[in-house]
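>>> Fold the following and give me the result.
(one chain, ligands or ions: 2)
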Amino acid sequence: MRSSTEAVLADPAPIAWRTGFADLGPAFLTRLQPTPLPAPYWVGRSAEVAAQLGLDADWFASDAALQAFTGNQLLPGSAPYASVYSGHQFGVWAGQLGDGRAIALGETAGGLELQLKGAGRTPYSRMGDGRAVLRSSIREFLCSEAMAGLGVATTRALCVTGSDAPVRRETLETAAVVTRVAPSFIRFGHFEHFAANGDHASLRALADHVIDRHYPACRDQAAEFGGNAYAALLRAVTQRTAAMLAQWQAVGFCHGVMNTDNMSILGLTIDYGPFQFLDAFDPGHICNHSDSQGRYAFNRQPNVAYWNLFCLGQALLPLIEDQDQALAALETYKADFPQALETAMRAKLGLAQPLDDDRALIEATLQLLARQRVDYTIFWRRLSGAVAAGMALAPVRDLFLDGAAFDDWAVLYQRRMAGGDLGQAGARMHAVNPKFVLRNHLAEQAIRRAQEKDFSEVERLHRLLQTPFDEHPGSEADADFPPAWASSIEISCSS
Ligand SMILES: Nc1ncnc2c1ncn2[C@@H]1O[C@H](COP(=O)(O)OP(=O)(O)OP(=O)(O)O)[C@@H](O)[C@H]1O
Ligand SMILES: [Mg+2]
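Residues are numbered from 1 along each chain as shown. Ligands and ions are numbered 1, 2, ... in the order given. Below you'll find the predicted structure:
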């Protein structure tokens with residue numbers, strides 16, 4: 001390892017860069033270098049993300065790549081920076097935050113930003129050490145890629161590297177760096193920052209950048225909002241956020257820290273901290289051990305997203321100028337989210353053509369699952385198999401303690417499915433109801449092995465979760481109920 005990040009890798013440059021967010025200037029970011037970590041090693045790598053970036057496979061396996069993605073050597077042409085944002089945390093204005101441990105390497109010519117999470121202190125670190133621990137980095141890597149495999153809008157993870165450098169949390173842990181990839185890492189909090197400071201010129205520059213780069217159609221849609229493209233932007237972000245929330249709720253994903261600084265302007269899932277995929281279906285489940293009030297409980301997520309969008313709307317108001325236009329843009333959430341969720345749930349049930357009563361059937365299904373705390377993922381997968389086998393519901397019924405309640409529901413479901421092609425319905429259901437999700441205990445097993453320097457479980461899970469709708473014979477244990485010890489796993493904001 002070289003002692004300084006000033007050292008530049010030899011040609012040929014593995015990545016072509018273009019200017020992007022960084023062009024907005026010093027009000028938005030601070031140029032700086034990642035802080036090196038000693039003797040890094042690979043923990044996990046995504047060939048799929050590497051291919052999206054057009055990385056040469058041999059180079060991606062090289063020591064040069066290992067050093068670059070740990071922040072130990074600069075990639076040619078990269079000009080790293082950390083950006084400033086603010087935000088509301090747990091419903092309270094938190095003031096200035098910013099990339100306290102994420103350092104952007106820049107934007108590729110293909111329009112993807114690369115960011116090292118855990119690459120050292122920045123001017124926005126406040127009391128933090130700028131680092132991320134191996135445990136949370138593995139969770140972020142695996143979950144980003146698992147969400148992509150599920151078809152959920154998300155930032156991606158190229159790789160994780162580790163180092164034996166100690167990092168203090170509740171106990172002494174070791175450092176790791178996740179290389180994240182997304183078209184943009186701009187958050188609602190970036191807008192809130194400039195609005196709160198009354199810096200409307202920067203606010204406008206940021207909004208124009210986001211429209212030009214990511215939402216060009218908003219210029220045309222401005223006509224619907226009295227010529228105001230920023231109101232069209234607010235509506236577009238609202239629509240994407242509604243779509244993302246419907247995906248989360250349908251797949252049983254609990255984010256855990258839906259602060260406005262963790263809301264992507266592109267409607268991507270960002271910041272994999274105390275997240276959890278539901279095991280037993282408990283609508284009020286709180287996955288973040290630090291969330292004592294349950295603000296971010298599973299069933300509150302859709303409303304929190306709307307609350308967060310409202311904060312974004314407030315921040316954009318100096319540009320939108322007309323409060324009614326802003327409210328009209330936000331209003332779309334109230335129709336879009338339920339509509340998107342209903343579509344997703346109908347697909348999970350295998351219903352091809354929508355009928356008026358579907359909403360009632362969906363509600364009855366979720367209430368039944370909630371009352372009996374049935375495992376969410378296993379229920380849907382077994383139901384898919386049961387339908388494919390011609391309504392052979394016995395294995396699904398086995399999941400319920402109160403069989404009579406299941407039978408009552410089954411009458412409704414069978415009536416709804418009558419006359420349809422069950423083979424086709426089952427096939428459709430298998431394509432939307434995953435067999436595998438990154439349950440906490442699976443991540444935990446991979447983490448424990450990785451802490452012993454055995455990264456095979458990270459690799460195995462990563463591969464499995466890329467195609468979570470496939471059967472993967474031999475991986476039955478990964479699709480099974482969580483073991484008893486899983487309920488004792490405590491996931492907090494500490495990472
Ligand atoms: N160890 C740390 N050192 C410095 N800053 C930190 C650290 N942990 C969190 N922060 C900062 O605290 C704020 C809130 O943290 P939060 O947990 O939401 O984000 P994060 O996990 O660091 O990163 P991201 O949102 O980029 O995934 C952010 O400004 C973040 O950069
Ligand atoms: Mg965050």
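
>>> where does whatever residue of the stretch 251-400 of the chain ends up closest to ligand 1 land in three-state SS?
Residue nearest to ligand 1 within the stretch 251-400 of the chain (C-beta to the nearest ligand atom): Asp271, separated by 3.3 Å. C-betas here are computed from N, CA, C, even on glycine. Secondary structure of Asp271, reduced to three states by DSSP: H, G, I helix; E, B strand; the rest coil: coil.

>>> Look at Met1 and report its pLDDT.
pLDDT recorded at Met1 is 42.

>>> same thing with Ser487?
For Ser487, the predicted pLDDT is 84.

>>> do the same with Asp398
Value listed for Asp398 in the pLDDT field: 98.

>>> Burial check on the residue of the stretch 251-400 of the chain closest to ligand 1, number of neighbours?
23 (other C-beta atoms under 10 Å).

>>> burial count for the nearest residue in space to it that is not next to it in sequence?
Nearest non-adjacent residue to Asp271, counting by C-beta to C-beta, 6 or more residues apart in numbering: Asn262, 4.2 Å away. The number of residues packed near Asn262 is 20, by other C-beta under 10 Å.

>>> where's the residue lying closest to Val432 once chain neighbours are set aside, which helix or strand?
In space, and not counting its chain neighbours, Val432 is closest to Ala347: 4.7 Å by C-beta to C-beta, 6+ apart. Per DSSP states H and E: Ala347 is located in helix 323-349.

>>> what's the following helix or strand after that helix?
helix 358-372.

>>> can I get the CA coordinates of that following helix in CSV?
Taking Å, rounded to 0.1, in the frame of the first residue of the first chain, the C-alpha atoms of helix 358-372 are listed here in CSV:
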residue,chain,number,x,y,z
ASP,A,358,-59.4,-7.0,-5.3
ARG,A,359,-58.6,-4.4,-2.7
ALA,A,360,-60.8,-6.2,-0.2
LEU,A,361,-59.1,-9.5,-1.0
ILE,A,362,-55.7,-8.0,-0.6
GLU,A,363,-56.7,-6.4,2.7
ALA,A,364,-58.2,-9.7,3.9
THR,A,365,-55.0,-11.5,3.0
LEU,A,366,-52.8,-9.1,4.9
GLN,A,367,-55.1,-9.1,7.9
LEU,A,368,-55.0,-12.9,8.0
LEU,A,369,-51.2,-12.9,7.8
ALA,A,370,-50.9,-10.2,10.5
ARG,A,371,-53.3,-12.0,12.9
GLN,A,372,-51.4,-15.2,12.8
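
>>> If we go by neighbour counts, what in it is buried?
358, 361-362, 365-366, 368-370, 372 (16 or more other C-beta atoms under 10 Å).

>>> outside of it, which residues touch it?
The contact list for helix 358-372, computed with C-beta atoms under 8 Å, 6 or more residues apart in numbering, reads 281-283, 342, 345-346, 349, 351, 374, 376, 379, 399-402, 405-406, 409, 412-413, 416.

>>> filter these to the buried ones?
For the contacts of helix 358-372, buried by 16+ other C-beta under 10 Å: 281-282, 342, 345-346, 349, 351, 374, 376, 379, 399-400, 406, 409, 413, 416.

>>> So what does the residue in the stretch 101-250 of the chain that ligand 1 sits nearest to have for phi and psi?
Nearest residue of the stretch 101-250 of the chain to ligand 1: Gly128, at 2.2 Å (C-beta to the nearest ligand atom). When read as degrees, to the nearest 10, the backbone of Gly128 gives phi -80, psi 160.

>>> Brilliant, that's me finished.
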